[in-house]
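J.: Build me a model from this:
(one chain, ligands or ions: 2)
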Amino acid sequence: MHCLCRHGLTCVRARPYSTISALSTAQRKTIYALSTPPGKAGVGVIRVSGPAALAVWSRLIKAKNRKQDFPVPWKFERCHIVHPEDGRVIDDALSVFFKAPKSFTSEDVLELHVHSGRAIIASVFSALATFPSCRPAEAGEFTRRAFLGGRLDLTEVEGLRDLIDAETEGQRRLALRAASGSVRNQYEQIRSDIIHCLALVEALIDFSEEDVEDGVYDQARGQARRLLANIEALLDDGHRGEIIRSGIKLAIFGPPNAGKSTLLNFLAKREAAIVTSVPGTTRDILELSLDIDGLPVIVADTAGLRKSEDLVESIGIERARAAVQQADISLCVLSLESAAAGLPQDMQDLVSADTYFLFNKNDLAVDTQQHTSKPNSWTVSLATGDGTETFMTGLSAALQKRFQFKGDDDNAPIITHARHRSHLTSAAQFLRAFIEAEDVIFGAEELRYAAKEIGKISGEIGVEDVLDSIFRNFCIGK
Ligand SMILES: Nc1nc2c(ncn2[C@@H]2O[C@H](COP(=O)(O)OP(=O)(O)OP(=O)(O)O)[C@@H](O)[C@H]2O)c(=O)[nH]1
Ligand SMILES: [Mg+2]
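T.: Ligands and ions are numbered 1, 2, ... in the order given. Sure, this is the predicted structure:
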């Protein structure tokens, strides 16, 4: 939305957090769904959210010795759930009423904790279906209402989803930071700093030069430079957040017969890949998901790299090379029998700063000393198990270091989605444009765009804050 402000500039107007009242009548319906997995279990939770939640409570929830005819909010109550059509008891349950706006969705919410069984759930649903203003919820609709109600911003919505999807400790920790609002706070800080810069510049535009202190534009530029450096540091994170969220891609590569598939089986603790003494056994890529000390790692076994006339093997080799190039980390496996000859020529272009080395078949080699001193390289015998413990400890430490996973959560990356990176990159471009702008009016426009980009990350774009910031932080008429 655009508007014309006092000085005739076109500016991006505030889009405050959308509110529930902005919903259409159909959307305002009360929604219900089973919030726990379907099937037999001790407890199943049915959630009802919307204006009719209180009416549902009145007609479905019956409790002995109840003194008042409204629920005590946020307090569990032992009750009978009854069918409104014939009054039959459906289940002996617990209910809790969350009064708006202090609920997950910011609407009235009723939670029914029933015994989880197909007939019970179906019966409660049939009771809920008797209310014309109730309908089954769509996928993600409770969270959508939480966002529309201003309870969650987009980073928290994404965090919540990632938290539910998290399969390793690293993913859980990263997602929890976003879901609990810590990432939101960081982005909000950046946005409010940009808006403060804008407030300084707006003052220059709105008030005559005599009313504004000297050097205000330089002050705004100085702040913008610091902000830009801050954003650039966030962007320069080696994509750690996105990688941990989606899994670290680790490609095993090397010449045929080195023991690559043996390594995959060792990591997987099962016979996942075929191992034979015939060079060229592995043709296609075989991927497995592993949890290495809390880090999600997607390990790929690949075809041994060599020159081949065989059509199928050549395709496998091409795929292997592509997998290594696309991986976040690669692990080159070499047999110590032939390692002295060095890395074959056609593999050298695959080696990068993120390549680790595993010298295998220690049991067959005489001189193993020369390889162990290199960083991120280990000597083992996958056949006898010699050195494998040190290798696993070293690999885990190298991954922890590379993804800076252990230690202070405050240093954890805040960019976990490509969307964040794209908006942050744009915000950095607008800040650069502001720093270089000669004209105050154009400069202000660049800052507005920068703030808007950050606002897109949280799903909120607010320019009312600019006015607030002017009056709160800037001394006019001095
Ligand atoms: N002596 C000895 N043999 C090993 C060791 N590790 C693996 N092998 C053997 O080496 C042969 C090749 O192992 P693989 O794991 O299939 O090798 P690869 O690198 O996957 O080979 P390709 O799939 O052909 O590229 C098999 O006979 C393994 O049993 C080891 O540490 N010592
Ligand atoms: Mg193999």
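
J.: hey, let's count contacts and neighbours off CA atoms from now on
T.: OK.

J.: nearest residue to the residue of the stretch 1-150 of the chain found nearest ligand 2 other than its sequence neighbours?
T.: Taking Cα to the ion as the measure, the stretch 1-150 of the chain has P37 as its residue closest to ligand 2, at 39.8 Å. The spatially closest residue to P37, leaving aside those adjacent along the chain, is G44, at 7.7 Å (Cα to Cα, 6 or more residues apart in numbering).

J.: What distance do you get for that neighbour to T105?
T.: For G44, the distance to T105 equals 19 Å [Cα to Cα, to the nearest Å].

J.: Over to H83?
T.: 26 Å.

J.: Give me the more crowded residue out of those two.
T.: Relative neighbour count places T105 above the other of H83 and T105, with 25 against 21, counting by other Cα atoms under 10 Å.

J.: Contact partners for the residue nearest to that one when sequence neighbours are not counted?
T.: Nearest residue to T105 in three dimensions, chain neighbours excluded: A146, at 3.9 Å (Cα to Cα, 6+ apart). For A146, the contact set (Cα atoms under 8 Å, 6 or more residues apart in numbering) comprises 104-106, 152.

J.: Show me which residues of this structure are close to ligand 2?
T.: 261, 282 (Cα under 5 Å from the ion).

J.: Run through the chain and note the low-pLDDT ranges.
T.: Applying pLDDT under 70 to the chain flags residues 1-27, 208-214, 366-373, 405-410, 461-478.

J.: how does this protein divide up, domain by domain?
T.: With the TED database as the criterion, the domains of the chain are listed as 28-149, 158-237+414-459, 247-403.

J.: anything in the last one near ligand 1?
T.: It stands for domain 247-403. Yes - contact of domain 247-403 with ligand 1 (Cα under 6 Å from any ligand atom) involves 256-262, 275-277, 279-282, 303-304, 360-361, 363-364, 381-383.

J.: Which element, helix or strand, includes the closest residue to G181 other than its chain neighbours?
T.: Nearest residue to G181 in three dimensions, chain neighbours excluded: E156, at 6.0 Å (Cα to Cα, 6+ apart). Using DSSP states H and E, E156 sits in helix 154-165.

J.: Mind listing what's buried along that helix?
T.: Buried residues in helix 154-165, counted by 16 or more other Cα atoms under 10 Å: 154-163.

J.: and which of the residues you listed is nearest to R66?
T.: L160 (36.4 Å; Cα to Cα).

J.: For that closest one, give its distance to A327.
T.: 27 Å.

J.: before we move on, what about L234?
T.: Summarising the geometry, the distance separating L234 from A327, computed by Cα to Cα, is 22 Å.

J.: again, but for Y32
T.: Between Y32 and A327 the distance is 43 Å, computed by Cα to Cα.

J.: And these two? Which one has more around it.
T.: More neighbours sit around Y32 than around the other of Y32 and A327, counting by other Cα under 10 Å; the figures are 25 against 19.

J.: need the contact list for that one.
T.: Taking Cα under 8 Å, 6+ apart as the definition of contact, the neighbours of Y32 are 46-49, 128, 134-137.

J.: how about I31, what does it touch?
T.: Contact partners of I31, counting by Cα under 8 Å, 6+ apart, are 48-50, 134-137.

J.: Between the two ends of stretch 148-167, what distance do you get?
T.: Between the start and the finish of stretch 148-167 there is a gap of 28 Å, counting by Cα to Cα.

J.: quick one: that stretch to chain centroid distance?
T.: Here stretch 148-167 shows a centroid-to-chain-centroid distance of 8 Å under the convention Cα atoms, centre = their mean, to the nearest Å.

J.: which stretches of the stretch 351-478 of the chain form strands?
T.: When assigned using DSSP state E, counting those that start in this stretch, the strands of the stretch 351-478 of the chain occupy the ranges 355-360, 377-379.

J.: Paired strands for the longest one, with orientation please.
T.: Strand 355-360 has the following sheet partners, assigned by DSSP bridges: strand 329-335 (parallel), strand 377-379 (parallel).

J.: Buried deepest among these, which one?
T.: When the strands paired with strand 355-360 are scored by mean count of other Cα atoms under 10 Å, the highest mean neighbour count falls to strand 329-335 (a mean of 24).

J.: ok, residues contacting it?
T.: By Cα under 8 Å, 6+ apart, the surrounding residues in contact with strand 329-335 are 248-255, 257-260, 324, 354-361.

J.: after it comes which helix or strand?
T.: Under the assignment DSSP H and E, the closest C-terminal helix or strand after strand 329-335 is helix 336-339.

J.: Now for the contacts of A146: which two are most distant?
T.: The most widely separated members of the contacts of A146 are S106 and L152, with 9.8 Å between them, by Cα to Cα.

J.: Verify the stated contact: V183 with L176.
T.: No - assessed by Cα atoms under 8 Å, V183 is found out of contact with L176, at 9.6 Å.

J.: Looking at those two now, which is surrounded by more residues?
T.: Taking neighbours as other Cα under 10 Å, V183 and L176 compare with V183 leading, 25 against 21.

J.: How much space separates W57 from ligand 1?
T.: Relative to ligand 1, W57 is positioned 63 Å away (criterion: Cα to the nearest ligand atom, to the nearest Å).

J.: From here on, call the first residue 798.
T.: Let's use 798 as the start, then, which means that last one is W854.

J.: Does that residue belong to a helix, a strand or coil?
T.: helix (DSSP: H, G, I helix; E, B strand; the rest coil).

J.: so how far is ligand 1 from the closest residue to P1093 other than its chain neighbours?
T.: Distance criterion Cα to Cα, 6+ apart; nearest residue to P1093, sequence neighbours excluded, is G1044 at 4.8 Å. According to Cα to the nearest ligand atom, G1044 and ligand 1 sit 23 Å apart.

J.: now the top helix by length along the chain against helix 951-962, angle please.
T.: Among the elements of type helix in the chain, defined by DSSP state H, the one spanning the most residues is helix 979-1003. Angular relation of helix 979-1003 and helix 951-962 on a 0 to 180 degree scale: 170 degrees, by axes from the mean of the first three to the mean of the last three Cα atoms, to 10 degrees.

J.: Quick one: distance of helix 979-1003 to the chain centre.
T.: Using Cα atoms, centre = their mean, the mean C-alpha position of helix 979-1003 is found 25 Å from that of the whole chain.

J.: Buried residues, it. List them.
T.: Residues 979-981, 984-985, 987-1001 are the ones in helix 979-1003 that count as buried (16+ other Cα under 10 Å).

J.: just stretch 1106-1121 next, same as before
T.: Applying a neighbour-count criterion of 16+ other Cα under 10 Å, the buried positions in stretch 1106-1121 are 1110-1111, 1113-1114, 1116-1118, 1120-1121.

J.: which ones are touching the residue nearest to P1093?
T.: With contacts taken as Cα under 8 Å, 6+ apart, G1044 has the following neighbours: 1092-1095.
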